[in-house]
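Chemist: I need the structure of the sequence given here:
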Amino acid sequence: MAMENPTSSGVAKNGAILCMERVTKIFPGTVALDEVDFNVYRGKVNALVGENGAGKTTLMKLVAGVEQPTKGRLLLEGEEISVKSPREAAALGIGIIHQELNLFPYLSVAENIFMAREVTNGGGVAIAHKIQEERTRELLARLEQPIDPRSLVGNLRIGQQQIVEIAKALAQDTRILIMDEPTSALSAAEVAVLFKIITDLKAQGVSIVYISHRLEEIMKIGDYITVLRDGKLMEEASIDSIDVPWIVTQMVGYEPVESFHSENHTVAGRELVRVKDLTLNRPGGEGYALDHVSFSLQAGEVLGVYGLMGAGRTEMVECLVGLHPEARGEIWVRGKDVQAKGKTIDERIHSGICLIPENRQEEGLIQCLSVAQNMTLASLWNYLRAGVHISKQREKSSVDAMIRDLSIKVSDPQVLVSSLSGGNQQKVVVGKSLLTSPRVLLMDEPTRGIDVGAKAEIFAIMNRLAAEGLGILFVASELKEIMGVADRILVMSKGKVTGEFTRDEATKEALVKASAVGHGPAT
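Modeler: Predicted coordinates:
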């Protein structure tokens, strides 16, 4: 049940291990936090929510020593502290799991987990790799993950990398553990394991700061909630006194509709893509990543693809865009066999296919380039003069128009893309794809790590593009999203298509059952 003034409902400061009082953080031209109060209650899950750009991550960077406040103060156990670095934060018992993974791809899982805290032999000269690997194996067993401690992190899928990031945090002796979107790339089974770990940590007296856009998760495991909007504190409440609509209203000022499906577009019936027997071997030849996959996509259609982690969804869209030229089978785009005559990514883009990848940080954007440079990166040929020089005026005109069209919040297109919130970064990736003038848009987990308001904007963009006749293939892990957006849904399991449903036929039970084929009984 919603409350009018939850802050006055008995949430007592004397139960807090950490208090932030009237904290302000000003970056050049931006007030990221404006006199925010935030309390972390001892042995509780303290949820922190808000739209992308609300100030959540900035607030946590102040706690973790990554940034320092412009004004205000931090009190730990009643004593004022000044945290100048992550090392100082760690010494105070404060740990953080970052939303954007902070891992070294060319080091092993064990080396990542013990980075800067290496276990050495008796003389302190060499790293005790076997001990590190054994402790890593124990941590991963606690997380119920059969990941080899010696595997290179760069060879792991994004969800497995998220598990490594969590294991790295658990390896440290923390009093306060900040989890910034820890489940954004996890399957339902992995989320359940993480929730058990959180319960164990609470029992040990560890205080959790939990940032998530999955509001149902917060209602399930949270004890207290703090809502930020535009860098300001909106409300603080106990979870048992509020509900999801209350959270959404505090975050965005209104309650978005549950279904994002639009009746304004109609599937034209003209086939844009036909895939027949698409097959991809796993590295080392041990079975199929894709096992003779066949489907079609029509103009004006939003085709959803659902499945558990490792089902082959990402490998499928990667094959469509040319990332795996070794793949076998047929891919026809607008009546042309692109698998036979256009296997490179550049050729696929020119044929009308473009991909919005799952990992926008590493695969969708170049962090050291500006918003404008990122946006035109895949379509530079459109701005060449005499085939040599780039027309800056034409490029600027396209970028400005796309920023307006997608409502990207940015003060200047020349600022670094890394300075934008997650939702606005995702819109830059979408804009980059649209500037290639695609006919087929592949969207792999396009709402990962963005808030409910930004999701609504992404879905509105998808519906508008479908209404304009584009074919959209949309990969998602959240049933609510895929059932609310897609015209038709494919379900994958272990590299195969195990189910196909129209919008009217799709039910949660049917999708879950199809996704569990080959995994034992569905639960």
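
Chemist: any chance you could list what contacts stretch 59-77?
Modeler: 17-26, 33, 35-36, 38, 48, 58, 80-89, 92, 94-96, 176, 178, 180, 209, 211, 228 (Cβ atoms under 8 Å, 6 or more residues apart in numbering). No exception for glycine: its C-beta is placed from N, CA and C like everyone else's.

Chemist: now do stretch 384-394
Modeler: Applying Cβ under 8 Å, 6+ apart, the set of residues contacting stretch 384-394 is 380, 382-383.

Chemist: take those and write them to JSON lines, including neighbour count.
Modeler: Output for the contacts of stretch 384-394, formatted as JSON lines (neighbours: other Cβ atoms under 10 Å):
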{"residue": "L380", "neighbour count": "12"}
{"residue": "N382", "neighbour count": "15"}
{"residue": "Y383", "neighbour count": "19"}
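
Chemist: narrow those to those in strands?
Modeler: Members of these lying in strands (criterion: DSSP state E): none.

Chemist: report the buried members of the contacts of stretch 59-77.
Modeler: Listed as buried from the contacts of stretch 59-77 are 17-20, 23, 25, 33, 36, 38, 48, 58, 81, 83, 86, 89, 92, 94-96, 176, 178, 180, 209, 211, 228; burial here means 16 or more other Cβ atoms under 10 Å.

Chemist: just the residues you listed: which are in strands?
Modeler: If you go by DSSP E, the buried ones among the contacts of stretch 59-77 have 17-20, 23, 25, 33, 36, 38, 48, 81, 94-96, 176, 178, 180, 209, 211, 228 in strands.

Chemist: alpha carbons only: can I get the host helix or strand of M492 in PDB?
Modeler: If you go by DSSP states H and E, M492 is part of strand 488-493. Output of strand 488-493 as PDB, limited to C-alpha atoms (Å, rounded to 0.1, in the frame of the first residue of the first chain):
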ATOM      1  CA  ARG A 488       5.600 -13.100 -32.600                       C
ATOM      2  CA  ILE A 489       8.000 -14.900 -30.300                       C
ATOM      3  CA  LEU A 490      10.700 -17.600 -31.000                       C
ATOM      4  CA  VAL A 491      12.000 -19.600 -28.000                       C
ATOM      5  CA  MET A 492      15.500 -21.100 -28.100                       C
ATOM      6  CA  SER A 493      17.100 -23.700 -26.000                       C
END
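
Chemist: so for it, mean pLDDT?
Modeler: What strand 488-493 shows for mean pLDDT is 93.

Chemist: next one: stretch 425-445
Modeler: pLDDT averaged over stretch 425-445 gives 92.

Chemist: repeat for stretch 75-95
Modeler: 91.

Chemist: how about low-confidence regions in the chain?
Modeler: 1-14, 29, 52, 99-100, 254-268, 284-286, 341-342, 386-388, 518-523 (pLDDT under 70).

Chemist: can you tell me the closest non-neighbouring residue to R348?
Modeler: The spatially closest residue to R348, leaving aside those adjacent along the chain, is G322, at 4.1 Å (Cβ to Cβ, 6 or more residues apart in numbering).

Chemist: wait, is that neighbour part of a helix?
Modeler: No. G322 sits outside any helix when classified using DSSP: H, G, I helix; E, B strand; the rest coil, being coil.

Chemist: who's in contact with it?
Modeler: So G322 contacts 342-348, 353 (Cβ under 8 Å, 6+ apart).

Chemist: among those residues, who's most crowded?
Modeler: Counting neighbours by other Cβ atoms under 10 Å, I353 leads the contacts of G322 with 29 neighbours.

Chemist: quick check: the closest residue to that one other than its chain neighbours vs L303, distance?
Modeler: Excluding its sequence neighbours, the residue lying closest to I353 (Cβ to Cβ, 6+ apart) is V440, at 4.8 Å. Distance, V440 to L303, by Cβ to Cβ, to the nearest Å: 10 Å.

Chemist: cool, I366 as well?
Modeler: Distance, I366 to L303, using Cβ to Cβ: 29 Å.

Chemist: okay, the two: which has more neighbours?
Modeler: More neighbours surround L303 than the other of I366 and L303, with 22 against 14 (other Cβ under 10 Å).

Chemist: so the more buried one: helix, strand or coil?
Modeler: Applying three-state DSSP: L303 is strand.

Chemist: ok now do it, which residues does it touch?
Modeler: Applying Cβ under 8 Å, 6+ apart, the residues contacting L303 are 295, 297, 471-474, 486-490.

Chemist: swap in 6 Å and give it another go.
Modeler: L303 makes contacts with 297, 473, 488, as judged by Cβ atoms under 6 Å, 6 or more residues apart in numbering.
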